[in-house]
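*Asks:* Give me coordinates for this.
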Amino acid sequence: MQRIQIDSSFNQKVIDYYIDIKSSFGSKELLASAELYNYLISPIEQIIGDKNNLIILPDGHLNYLPFETLCKTAITRGTNHQQIICLKNTL
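*Replies:* Residues are numbered from 1 along each chain as shown. Alright, predicted model coming up:
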């Protein structure tokens with residue numbers, strides 16, 4: 001088990017992301033998605049390895065976060081959409 005500490009500014013990022021993705025999912029949301037992925041998932045990628053399942057026990061504001069929407073890479077101009085790696089696609 002790996003516990004990740006979060007602060008109030010991070011909680012606000014989670015809330016903002018949740019509100020944004022309810023209305024649309026464009027480049028702004030992909031950038032926020034990658035930021036959240038890098039904070040929450042990147043530190044444990046070696047632990048996850050090639051496992052097919054991941055159990056996440058969210059607490060507090062993380063209960064609002066749809067983890068399957070987190071993407072490892074953000075989209076920029078010229079990014080091939082097929083190259084975007086999301087958590088859902090890696091497990």
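*Asks:* neighbours of residue 29, just the number please.
*Replies:* 19 (other Cβ atoms under 10 Å). Where you see a C-beta, it was placed from the backbone N, CA and C, and this is true even at glycine.
*Asks:* My read is that it contacts residue 21, right?
*Replies:* Yes - here residue 29 reaches residue 21: they are 5.3 Å apart, a contact under Cβ atoms under 8 Å.
*Asks:* the longest helix in this protein is where?
*Replies:* For the chain, the longest helix by residue count, based on DSSP state H, is helix 8-23.
*Asks:* Work out the gap between that one and the centre of the chain.
*Replies:* Counting by Cα atoms, centre = their mean, to the nearest Å, helix 8-23 is centred 11 Å from the centre of its parent chain.
*Asks:* buried stuff in it?
*Replies:* For helix 8-23, a neighbour-count test (16 or more other Cβ atoms under 10 Å) marks 10, 13-14, 17-18, 21 as buried.
*Asks:* list the helices and strands that helix packs on?
*Replies:* On a contact count with 3 or more Cβ pairs under 8 Å, 6 or more residues apart in numbering; DSSP states H and E, helix 8-23 meets helix 27-40.
*Asks:* Just the C-alpha atoms of the helix it packs on, please, in CSV.
*Replies:* Extracted in CSV, the C-alpha atoms of helix 27-40 (Å, rounded to 0.1, in the frame of the first residue of the first chain):
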residue,chain,number,x,y,z
SER,A,27,-6.9,20.2,-24.1
LYS,A,28,-7.3,22.1,-20.8
GLU,A,29,-8.8,19.0,-19.2
LEU,A,30,-6.1,16.8,-20.7
LEU,A,31,-3.4,19.0,-19.3
ALA,A,32,-5.1,18.9,-15.8
SER,A,33,-5.5,15.1,-16.2
ALA,A,34,-1.8,14.7,-16.9
GLU,A,35,-0.9,16.9,-13.9
LEU,A,36,-3.1,14.8,-11.6
TYR,A,37,-1.7,11.6,-13.1
ASN,A,38,1.9,12.7,-12.5
TYR,A,39,1.1,13.6,-8.9
LEU,A,40,-0.9,10.5,-8.0
